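Colleague: okay, sequence plus prediction incoming.
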2 protein chains.
Amino acid sequence: MAVRMKDIAEDLGVSLMTVSKALRGHVDISEDTRERILRRARELNYQPNWVARSLATRRTFIVGLVIPDLMHSFFAEIAYGLTRELAPFGYQIVLANSDENAETERRELDLLIARKIDGLVVASAQRDWRRGIPQALKNISIPFVLIDRMPSGPRMNYVGTCDEDLGMLATEHLISQGCVRLAHIHGPDNPNSLGRLRGFQSALKKNGMKSLPQCVVEGGVKDEDGYEAMQQLLRLKTPPDGVFCYNDPVAAGAIKAVLESGRGIPGDIAIVGAGNVHYSDLLRVPLSTIDQRASEIGEQAARILVECMRTKSAPSPKCVLIPPRLIIRDSSRRSDFSNLGQRTAMRAR
Amino acid sequence: MAVRMKDIAEDLGVSLMTVSKALRGHVDISEDTRERILRRARELNYQPNWVARSLATRRTFIVGLVIPDLMHSFFAEIAYGLTRELAPFGYQIVLANSDENAETERRELDLLIARKIDGLVVASAQRDWRRGIPQALKNISIPFVLIDRMPSGPRMNYVGTCDEDLGMLATEHLISQGCVRLAHIHGPDNPNSLGRLRGFQSALKKNGMKSLPQCVVEGGVKDEDGYEAMQQLLRLKTPPDGVFCYNDPVAAGAIKAVLESGRGIPGDIAIVGAGNVHYSDLLRVPLSTIDQRASEIGEQAARILVECMRTKSAPSPKCVLIPPRLIIRDSSRRSDFSNLGQRTAMRAR
DNA sequence: CTGAAAGCGCTAACAG
DNA sequence: CTGTTAGCGCTTTCAG
């Protein structure tokens, strides 16, 4: 087995306690003995047993991260931001994939809690937002921060985007580019999706535009979903000339469908996504999108968590809304027209 | 604090041991008492303390995963395959990002080992392949599986692609499509990169083609790297008409550079990447690539690990090479010519 | 400055 | 079938 403090202690003829203190840089140890202990520890390649240490100190230096879909690079980026910010403090993260399934999520959460993690970050897959999250987490005393999926319940730590603003920003951009028949491919039945839809509708209303019948179509989260949804829109007698998609993968799928139908982007149909996944710029048509700054979400969550974990008394819940940012690329840029504000002229294209 | 076995025991007037056994489904307990204990545990929402359990059993049910770049979806897919396969056994994974930096990797490894993880999966960022990996891992007794980065040293568990085959496959495909001036944008100075380069060169030799001067250019791992490298190739008096890129991101960057130069793909220049990241099909030009089946790498690694962790005696090291698979998309498909074998006719395009 | 005693919450091994 | 004894490797507390 690995070398223990006890081994070093016996080896050097001091007590176990002395070794423990010396190794942790406690002041109560003479320069001399500390030196000897440190040297011997290095020689023996001593590594403290964190399981034992955790049991005694009640701190694991582990943070749990529960996300619904590792394959979506949006969440991979969040994970990246989180590890990046947490690593300097000695935390590592244990990763759990809920697969967008509430039951799986609950099981993984229970296991994480049983592991006595110091903190938790979760993008929840719970459907029932009135009690889902609180139910699973309210009995636990560890600090946690919710990300991406905004909780509707009591005040909790949250870092994410204001989805309504996001939807508004995307839609108004399409309008500014001269689109007159707007559609929205919307995501799964979660708060984000609903928020973006609300933003879409608000923007229409605010600009005095009617929301067309069938202009909101069920999509999903993946590119296949966007592909199908767009095909559905293309089958309408008068297809839309501007589409705001739930996220970038969906938008990428939508682009594929539009091009396959022989139509041009953004000429015939302008497209805007959401998320600004890192390959957006490399897509078939460089994709205009709303940047949610995923890695920053991870970083902010990390900071809140570190703050909570350091102080005994829980600070008051923080809600950080990272302002969505419009990124205009080819999929929606109709600059010639938008500059002139000739909205109706678009039909000519 | 949370409820402990002791609490349940006192509550029910039985011994702590009885509770422990009942909870773990041990046979030595009467149906009746087991029932009572289980019910009470549920009522009190008892969760076993895994830190304590781990200290006693010497098993944590944690597997470490160390990868060089979470942002690269190739590794995200591996992580996905790993969690997917490991979750049913009750394992969770703690994720460490080495940022392609050997020193960071060593530190994270040390921490993982100190956490007494049951197993380890590493895509190592070590530069010195003769001693890097073994150095860090040889003193530990936990089972580990190396992935993606093939070790050159002694026999160890490994799951990945045969990079030489990969390079060969990509290059021969380009040749079959009528390309006559081949180039290779190669990656960082690691075994994968070198293997792919060897494959590239072998394919040239095998087909009686000379390797042109300056046909191998330094790239990197990201799309910016590919973009720059391709610009360099385009500056040659006679640029290549077929380019095999180290990986998909690099290829995506290369595509961008080619298109910006006003040239056509695959007409003027055919491109092949490697990795088949999930958005390859959605790129500006749908990207031909060599599929490495990333999630399968994760799954296979998981299986080997589970096998090792179950049996006390370490099974003999397994080396799983997942055969690379050519996926032909638009970026290299010149079917009209390749079908006729009119290699030289390509110039006409 | 050093160390002995007690315990973190659980399990292995054995005894009743 | 049930319970007792002894740790797992480390830290906290307090006495020397």
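Modeller: Sure thing, it's come through.
Colleague: point out the residues in the stretch 101-250 of chain A that sit beside chain B.
Modeller: Proximity of the stretch 101-250 of chain A to chain B (C-beta under 8 Å from any C-beta of the partner chain) is limited to residues A:108, A:110-116, A:139, A:223, A:249. (C-beta placed from N, C-alpha, C; glycine too.)
Colleague: now do the contacts for A:Ser295.
Modeller: A:Ser295 makes contact with A:77-78, A:80-81, A:84 under the criterion C-beta atoms under 8 Å, 6 or more residues apart in numbering or on different chains.
Colleague: in strands only, show me the residues of the stretch 101-250 of chain A next to chain B.
Modeller: Per DSSP state E, strands hold no members of those.
Colleague: mind checking which of these are buried?
Modeller: The neighbour count (16 or more other C-beta atoms under 10 Å in any protein chain shown) marks A:108, A:111-116, A:223, A:249 as buried among these.
Colleague: relative to DNA strand C, which residue of chain A is the closest?
Modeller: A:Asp28 (3.0 Å; C-beta to the nearest atom of the strand).
Colleague: skipping adjacent residues, who's closest to that residue in space?
Modeller: Using C-beta to C-beta, 6 or more residues apart in numbering or on different chains and skipping the chain neighbours, the partner closest in space to A:Asp28 is A:Lys21 (5.9 Å).
Colleague: could you check how far that neighbour is from DNA strand D?
Modeller: To DNA strand D, A:Lys21 is 7 Å away according to C-beta to the nearest atom of the strand, to the nearest Å.
Colleague: what about that residue, which SS state?
Modeller: Secondary structure, DSSP: H, G, I helix; E, B strand; the rest coil: A:Lys21 is helix.
Colleague: thinking it is in contact with A:Ile37, fair?
Modeller: No: at 9.0 Å, A:Lys21 does not count as touching A:Ile37 under the criterion of C-beta atoms under 8 Å.
Colleague: and of the contacts of A:Ser295, the nearest to B:Leu70?
Modeller: B:Leu70 lies nearest to A:Tyr80 out of the contacts of A:Ser295, by C-beta to C-beta, at 4.5 Å.
Colleague: which residues are in contact with that closest one?
Modeller: Neighbouring residues of A:Tyr80 by C-beta under 8 Å, 6+ apart: A:295, A:298, B:70-71, B:97.
Colleague: surely it is in a strand?
Modeller: No: A:Tyr80 sits outside any strand when classified using three-state DSSP, being helix.
Colleague: now do it against A:Leu146, distance only.
Modeller: A:Tyr80 sits 19 Å away from A:Leu146 when distances are taken as C-beta to C-beta, to the nearest Å.
Colleague: now A:Ile140
Modeller: Counting by C-beta to C-beta, the gap from A:Ile140 to A:Leu146 is 13 Å.
Colleague: quick one, which of the two is more surrounded?
Modeller: A:Leu146 (23 against 17; other C-beta atoms under 10 Å in any protein chain shown).
Colleague: mind listing which of the residues of the stretch 101-250 of chain A next to chain B are in helices?
Modeller: Per DSSP state H, helices hold the following members of these: A:108, A:110-114, A:223, A:249.
Colleague: just flag the most distant two among those residues.
Modeller: Spanning the widest gap among these are A:Ala114 and A:Asp223, at 36.7 Å by C-beta to C-beta.
Colleague: neighbours of the residue nearest to A:Leu174 when sequence neighbours are not counted, how many?
Modeller: In space, and not counting its chain neighbours, A:Leu174 is closest to A:Gly242: 3.8 Å by C-beta to C-beta, 6+ apart. Number of residues near A:Gly242 (other C-beta under 10 Å) recorded here: 25.
Colleague: quick one: the helices in the stretch 201-349 of chain A?
Modeller: Secondary structure of the stretch 201-349 of chain A (DSSP state H, counting those that start in this stretch): helices at A:223-234, A:248-260, A:294-310, A:335-338.
Colleague: would you mind writing the CA trace of the first one as CSV?
Modeller: In CSV, the C-alpha atoms belonging to helix A:223-234 read as follows (Å, rounded to 0.1, in the frame of the first residue of the first chain):
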residue,chain,number,x,y,z
ASP,A,223,-29.4,19.6,-35.6
GLU,A,224,-31.7,16.8,-36.8
ASP,A,225,-34.5,18.6,-35.0
GLY,A,226,-33.7,21.9,-36.7
TYR,A,227,-33.5,20.2,-40.1
GLU,A,228,-37.0,18.6,-39.8
ALA,A,229,-38.6,21.7,-38.3
MET,A,230,-37.3,23.8,-41.1
GLN,A,231,-38.6,21.4,-43.7
GLN,A,232,-41.9,21.8,-42.1
LEU,A,233,-41.7,25.6,-42.4
LEU,A,234,-40.7,25.3,-46.0
